[in-house]
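K.L.:
okay, sequence plus prediction incoming.
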Amino acid sequence: MNIYALLKRTFDTEEKINIQGGTIQEDGAEFIINPYDEYAVEEAIQIRDAQGGEVTVVSVGSEEAEKQLRTALAMGADKAVLINIEEDVEKADQFTTAKVLAEFLKGKEVDLILAGNVAIDGGSGQVGPRVADQLGIPYVTTVTSLEIEGETVRIVRDVEGDEEKIETSLPLLVTAQQGLNEPRYPSLPGIMKAKKKPLDELELDDLDLDEDEVEAKTERMDVFLPPAKEAGRILEGEISEQVQELVQALRTEAKVI
């Protein structure tokens, strides 16, 4: 089985993020595999172990994503591909990424593609479905359970607090939701093996794509941090006085009543 896992390098949102001039400052920032993509990589490895075949992890971006691809290789993926568009594309969005990925995957024998449900930096959830649409294959999003028997695939997907059961067939693209699995930590032997696993780097020219073909369709106007939360306030005095003060605060300060 030929399995592809789509991977994005994202900021570690548990670390402090600095913004200057409407852009995130990368100097000193920590980067990780997008957490939802980790579920995709883990599921790809588990399916490979059960069904046989090969897992290829693919990322679109800059050469800095090599570290996250090596992490995926250390988890157990067989090989990795970095499509470096940094020098060719000034601005990229979900359209750009999906176009590049689809062009890379066209003509390949693809049985299953796994992607993260969303990226924690953008949160649009567009890349996976866009890739499937351009490849002309079905897709299912927010997957929490995945069983493959021959060409038949049984899926459970999250639908806002409930679940939906779907049966479909390969080839297929799915996006991984939290709860699908528990991603493994790379072991020391896995890290050592990852250094010898193939990691190919491609550019737009290798895919016969021009810059105009992958030009971003959207423009980011601004990036800003949410306002700092004010400290809580403890009301004192008699209950009737506290109620009166609370109602006044809700009316004049919070403006919710």
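P.N.:
Looks like it came in fine.

K.L.:
residue 180 and residue 158, how far apart?
P.N.:
Here residue 180 is placed at a distance of 9 Å from residue 158 (Cβ to Cβ, to the nearest Å). Any C-beta I mention is one placed from the backbone N, CA and C, and that applies to glycine too.

K.L.:
cool, and residue 74?
P.N.:
Applying Cβ to Cβ, the value for residue 74 to residue 158 is 29 Å.

K.L.:
which of the two has more residues huddled nearby?
P.N.:
Per other Cβ atoms under 10 Å, whichever of residue 74 and residue 158 has more neighbours is residue 74, with 21 against 18.

K.L.:
select the longest helix from this protein.
P.N.:
If you go by DSSP state H, the chain has its longest helix at helix 35-51.

K.L.:
could you identify the helix or strand that succeeds it?
P.N.:
Once the chain leaves helix 35-51, the next helix or strand it forms, by DSSP states H and E, is strand 54-61.

K.L.:
partners of that next one in the sheet?
P.N.:
For strand 54-61, the pairing partners within the sheet under DSSP bridges are strand 2-6 (parallel), strand 79-84 (parallel).

K.L.:
only C-alpha atoms, please: export the shortest one in PDB.
P.N.:
In other words, strand 2-6. Provided in PDB are the C-alpha atoms of strand 2-6 (Å, rounded to 0.1, in the frame of the first residue of the first chain):
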ATOM      1  CA  ASN A   2       1.300   3.400  -1.000                       C
ATOM      2  CA  ILE A   3       0.600   5.800   1.800                       C
ATOM      3  CA  TYR A   4       1.400   9.500   1.900                       C
ATOM      4  CA  ALA A   5       1.200  11.800   4.900                       C
ATOM      5  CA  LEU A   6       1.100  15.500   4.400                       C
END
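
K.L.:
helices of the stretch 101-250 of the chain, start to end?
P.N.:
With DSSP state H, counting those that start in this stretch applied, the stretch 101-250 of the chain shows helices at 127-135, 188-194, 239-252, listed in chain order.

K.L.:
mean pLDDT lowest where, among the ones you listed?
P.N.:
Of all the helices of the stretch 101-250 of the chain, the minimum mean pLDDT falls on helix 239-252 (a mean of 91).

K.L.:
hmm, who's touching the helix or strand of the chain with the lowest mean pLDDT?
P.N.:
Lowest mean confidence among the helices and strands of the chain (mean pLDDT, DSSP states H and E): strand 23-24, at a mean of 74. If you take Cβ atoms under 8 Å, 6 or more residues apart in numbering as the criterion, strand 23-24 is touched by 11, 17, 18, 223.
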